[in-house]
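*Asks:* Below is the sequence, then the predicted model.
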Amino acid sequence: MNQRDGSILDVILKRRSIREFESKSVPREALANILEAGRWAPSGLNNQPWRFVIIEDEQMLYKLAYLTKYSSILLLAPTAIAVFLEKEASYSRDKDILAIGACIQNMLLQTHSLGLGACWMGEILNKADEVEALLEVPDSYELLAILAIGYPKRGEKQEAGSDRKDMKELVFANWPLIK
């Protein structure tokens with residue numbers, strides 16, 4: 001069961017957060033494909049509580065960048081997708097936040113599979129009210145993340161190694177396949 005090439009696990013193992021991008025714009029078809037992947041995430045009662053704002057305008061990206069201590073990522077990204085919880089579509093906040101996490105993961109994996117890079121930005125939530133006002137979203141939208149998206153800068157190791165805890169540290173009970 002070691003065959004990984006071309007599998008979903010292979011895509012998962014190779015995806016990395018990309019923080020530096022080429023100045024090249026992201027094709028609209030690619031963005032539509034990324035949004036489609038997010039749209040198909042599972043959600044409780046199939047309520048699909050996620051909403052998106054696509055940001056391609058350089059001035060808007062500049063303004064958003066100064067709402068996070070990781071401003072350099074947004075200053076280099078040609079595109080960002082703000083991901084919101086639509087509170088009026090919500091039936092269980094905890095379950096809906098989990099669903100939006102699955103939505104974001106789908107989007108990150110699809111981004112990687114298209115040869116693009118992305119960084120899930122959560123620290124910007126410290127200024128969520130300012131982001132929501134800047135993007136002029138309805139009061140029922142609650143910011144949960146911003147994804148910076150673009151072509152990885154040359155030299156940015158999209159498939160570089162990453163440390164993970166040993167499985168023995170993660171599985172509570174003694175399970176025969178964990179050594």
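*Replies:* Nice, thanks for sending it over. Small disclaimer: the values here were computed from a predicted structure and weren't measured. Residues are numbered from 1 along each chain as shown.

*Asks:* Report the buried residues of the helix or strand that contains E36.
*Replies:* Here E36, judged by DSSP states H and E, is contained in helix 28-39. Across helix 28-39, burial judged by 16 or more other Cβ atoms under 10 Å covers 30-31, 33-35, 37-38. Backbone N, C-alpha and C define where each C-beta goes, glycine included.

*Asks:* Extract the C-alpha set from the helix or strand just after it and format it as CSV.
*Replies:* The helix or strand immediately downstream of helix 28-39 is strand 50-55, counting by DSSP H and E. Extracted C-alpha coordinates of strand 50-55, given in CSV (Å, rounded to 0.1, in the frame of the first residue of the first chain):
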residue,chain,number,x,y,z
TRP,A,50,-19.2,29.3,3.0
ARG,A,51,-19.1,32.5,1.0
PHE,A,52,-16.2,33.9,-1.0
VAL,A,53,-14.9,37.2,-2.1
ILE,A,54,-12.2,37.1,-4.8
ILE,A,55,-9.7,39.9,-4.6
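
*Asks:* just the angle between the helix or strand that comes right after strand 50-55 and strand 50-55, please?
*Replies:* With elements assigned by DSSP H and E, the helix or strand that comes after strand 50-55 is helix 58-65. Interaxial angle, helix 58-65 versus strand 50-55 (axes from the mean of the first three to the mean of the last three Cα atoms, to 10 degrees): 120 degrees.

*Asks:* Which SSE is immediately downstream of helix 58-65?
*Replies:* With DSSP H and E, the next secondary element past helix 58-65 is helix 71-76.

*Asks:* Just after that next one, pick out the following helix or strand.
*Replies:* Following helix 71-76 toward the C-terminus (DSSP H and E): strand 79-86.

*Asks:* Quick one: name whatever helix or strand follows whichever helix in the chain runs longest.
*Replies:* Secondary structure of the chain per DSSP state H: the longest helix is helix 93-113. Following helix 93-113 in sequence order, the next helix or strand is strand 117-121 (DSSP H and E).

*Asks:* re the thing from before, only the buried residues of the longest helix of the chain, if you could.
*Replies:* 96, 99-100, 103-113.

*Asks:* what's the answer for stretch 9-23, then?
*Replies:* 15-16, 18-21.

*Asks:* roughly how far apart are the residue nearest to S25 when sequence neighbours are not counted and V26?
*Replies:* Closest residue in space to S25, ignoring its immediate chain neighbours: P78 at 5.0 Å, by Cβ to Cβ, 6 or more residues apart in numbering. Using Cβ to Cβ, to the nearest Å, one gets 6 Å for the distance from P78 to V26.
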